[in-house]
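Asker: A predicted structure for the sequence below; I have some questions about it.
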Amino acid sequence: MNDNTKIGDHFLSHLLYHQRKYLSLLLLIIISIPLLLRSAAQQPLLAGGETYYLLAAAQQGSSYNPLAVLASVIPDAGIFLLSPLLSLATLFLFFHLAKRLELSETTTFLIALFAILSPAFIFSSVTLSSALGFLFLTLSGFSLLLQENNTKYLSSFPFIIATFFDLYSTAILLILLVSYFIFTKKIKGIFSVLLLVIVGALLVINKLLLKLPFILGPFHIQKIVPDLISDFGGVSGMGLFAFLLAFISIIVSGKKKSFLLSLPLTMLFIAAFLLNTNTILFVSIPIICYAAAGLKSLYEQRWMLPSLKKATLFLLILGISFSAVAYLDRLSDYSPSATDQAVLSEIKSTQKNGAILSAPENSYYIQYFTGEKTVFNLHQGEYRKEQELAQKIFMTTYIEDLFPLLEDNNVSLIYLNPEMKENLPSDQGLVFLLQNERFKLLKASQNTEVWSFIK
């Protein structure tokens, strides 16, 4: 063994032994980058449609969502810290569970590293994300449940709280609990039966009485491929190289028992994602685990050309890192901007008896900053109709077609930000028809415009 190999082995051993410190520091750095960039640009620190949906619900006290309830008691200046703290706590809980489940240090390190570098986890760590809240509570519950003493009874509290996000995540929790109790042969225990009955009863109560949605969201116009693979410009997603490693893992371990056991839950996550891309964090979990197994398999394989092995592993990790860096740069530019906040704050005092028209993905921060209704609400179960209506309004070419659409939807103000003006044609459609005398420009600031519609 040459000196370079010895140094490499020593470095790897040191990295694995101190992985909690290094990975926690890496997560803090990654979370801090978009927050610092947004702060430097004087933008609101929080972005994302779900964030402002939950903040608006917290203002109104109209939601049972645990994050909305928590946001309602946290001072406004400190709300941006909620998700970073949740992501750090989730990372520590994963380390704790990995040790209890006797995962190898290498597997633990790779899963944690790929999670930290995944755009889905980054996005959830700097926005208010129900999926991250559910993940934190579920890991908390299982960390307590694995205790051999009476502490395990405390697990019922995070499990109960975790049922109030949506019906889909509650069903996932129920499946996980049943699987755990069957695997540990505790399915007939008094506590096991009682906990399953409580979670099952809450699933029914949340559906019939609280009217919780099946899946919360979506909060933007869905695009399946970009929302799955972040390198194609989606709001969130996974890096392309992580998918490549996951594919390698499936080929190598496709017949292993561990893969076959995880397959039903993975398929359930994929089916939910096809219905609602807001569930991307759930889909990312098996992809991250498969990718970690794939890289570990490549590392442990004997290669005829060791230098080629090192180059391949380096390029794969570099590709995953590049996806994360590129995503961080894009994330810092997400709406709302400082101009959005300033202009919408002025609208709050002028809007009277009507709805505000803007791009569907803008609706949630418009509602939060103005306290007024918007034409589009993508999360309310009529997603396809909302999407079709948006397309019809923005691309209508004739005044006689546009005016009835605006009047039927009680539009009083139209809000155009730079993204909309860049994506909508200027020589036809809504932007062009604003020259009609029934539209009046109320405010223009840094390529952001507010128009009134005279009914």
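Answerer: Okay, I see it. Numbers count the residues shown, from 1 in each chain.

Asker: name the nearest residue to K152, sequence neighbours excluded.
Answerer: Using CB to CB, 6 or more residues apart in numbering and skipping residues adjacent in sequence, the residue nearest K152 is L145, 5.2 Å away. C-beta coordinates here come from the backbone N, C-alpha and C atoms, glycine included.

Asker: wouldn't that neighbour be in contact with L176 here?
Answerer: No - between L145 and L176 there is no contact, the gap being 10.4 Å when judged by CB atoms under 8 Å.

Asker: higher neighbour count, the two?
Answerer: L145 (23 against 16; other CB atoms under 10 Å).

Asker: so what's the residue nearest to K152 up against?
Answerer: The neighbours of L145, taking CB atoms under 8 Å, 6 or more residues apart in numbering as the test, are K152, S155, Y180.

Asker: list the buried residues in stretch 55-67.
Answerer: By 16 or more other CB atoms under 10 Å, the buried positions in stretch 55-67 come out as L55, A56, A57, A58, S63, N65, P66, L67.

Asker: identify the farthest-apart pair in the residues you listed.
Answerer: Using CB to CB, the buried residues of stretch 55-67 span at most 16.0 Å, a distance reached by A56 and P66.

Asker: and this structure, what are its domains?
Answerer: For the chain, the domain assignment from automatic domain parsing gives the residue ranges 3-331, 338-453.

Asker: just give the nearest non-adjacent residue to the spatially most central residue of the chain, would you?
Answerer: Of all residues in the chain, the one closest to the mean position by CA atoms, centre = their mean is S124, 4.4 Å from it. For S124, the nearest residue in space outside its immediate sequence neighbours is L132; the separation is 4.0 Å by CB to CB, 6+ apart.

Asker: for the one you found, give its distance to S179.
Answerer: Distance check for L132 against S179: by CB to CB, to the nearest Å, it reads 22 Å.

Asker: out of those two, which sits in the more crowded spot?
Answerer: More crowded of L132 and S179, by other CB under 10 Å: L132, with 22 against 14.

Asker: quick one, strands of the stretch 301-450 of the chain?
Answerer: For the stretch 301-450 of the chain, the strands defined by DSSP state E, counting those that start in this stretch occupy 355-357, 411-416, 439-445, 448-453.

Asker: how about a markdown table for these, with mean pLDDT added?
Answerer: Rendered in a markdown table, the data for these read as follows (pLDDT from 0 to 100):
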| stretch | mean pLDDT |
| --- | --- |
| strand 355-357 | 92 |
| strand 411-416 | 93 |
| strand 439-445 | 90 |
| strand 448-453 | 91 |
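
Asker: what's the biggest helix in this protein, counting residues?
Answerer: If each helix of the chain is counted by residues according to DSSP state H, the longest one is helix 306-331.

Asker: so where's the protein shaky on pLDDT?
Answerer: 1-9, 254-255, 349-352, 381 (pLDDT under 70).

Asker: ok, for I287, nearest residue in space, not its chain neighbours?
Answerer: A246 (4.9 Å).

Asker: and if you look at Y153?
Answerer: The nearest residue in space to Y153 (CB to CB, 6+ apart) is F191, at 6.6 Å.

Asker: got a list of contacts for the host helix or strand of that neighbour?
Answerer: Using DSSP states H and E, F191 sits within helix 190-208. With CB under 8 Å, 6+ apart as the test, helix 190-208 has contacts from 64, 152-153, 155-156, 159-160, 163-164, 167, 170-171, 173-174, 177-178, 181, 186-187, 212.

Asker: can you pull the buried residues of it?
Answerer: When burial is assessed from 16+ other CB under 10 Å, helix 190-208 yields the following buried residues: S192, L195, V199, G200, L202, L203, N206.

Asker: which elements pack onto the helix or strand just after that helix?
Answerer: Next in sequence after helix 190-208, counting helices and strands by DSSP H and E, comes helix 224-228. Judged by 3 or more CB pairs under 8 Å, 6 or more residues apart in numbering; DSSP states H and E, the packing partners of helix 224-228 are helix 257-275, helix 280-300.

Asker: hang on, the earlier thing: the residue nearest to S124 belongs to a helix?
Answerer: Yes - note on L132: a helix contains this position according to DSSP: H, G, I helix; E, B strand; the rest coil.

Asker: dump the residue contacts of it.
Answerer: S83, L86, S87, T90, F121, S124, S125, L281.

Asker: quick one: T107 from S169, how far?
Answerer: Here the distance between T107 and S169 works out to 26 Å (CB to CB).

Asker: if we can go back for a sec, and the contacts of helix 190-208, which of them are in helices?
Answerer: Using DSSP H, the members of the contacts of helix 190-208 that fall within helices are S156, F159, I160, L167, T170, A171, L173, L174, L177, V178, F181.

Asker: so what sits opposite the closest residue to L416 other than its chain neighbours in the bridge?
Answerer: Of all residues beyond its chain neighbours, the one nearest L416 is E449 (4.6 Å), with distances taken as CB to CB, 6+ apart. With DSSP bridges applied, E449 shows beta-bridge pairing to L416, A444.

Asker: roughly how far apart are E449 and Y415?
Answerer: Per CB to CB, E449 is found 8 Å from Y415.

Asker: counting neighbours around each, name which of these two comes out higher.
Answerer: Remark: of E449 and Y415, Y415 carries more neighbours, 23 against 20, as counted by other CB under 10 Å.

Asker: residues touching the more buried one, list them.
Answerer: Y415 makes contact with V343, L344, I347, I356, L357, S358, N362, I366, T448, E449, V450, according to CB under 8 Å, 6+ apart.

Asker: OK, contacts around the closest residue to it other than its chain neighbours?
Answerer: By the measure of CB to CB, 6+ apart, the closest residue to Y415 outside its immediate chain neighbours is S358, 4.0 Å from it. Neighbouring residues of S358 by CB under 8 Å, 6+ apart: I366, T374, V375, F376, I414, Y415, L416, N417, M420.

Asker: can you check F232 too?
Answerer: Contacts for F232 were tallied using CB under 8 Å, 6+ apart; they are V225, P226.

Asker: measure it to Q387 for me?
Answerer: The spacing between F232 and Q387, counted by CB to CB, is 19 Å.

Asker: can you check Y153 too?
Answerer: When distance is defined by CB to CB, Y153 is 46 Å away from Q387.

Asker: which one of the helices and strands packed on helix 224-228 lies closest to S39?
Answerer: Between S39 and those, the shortest gap by CB to CB is with helix 280-300, which sits at 24.9 Å.
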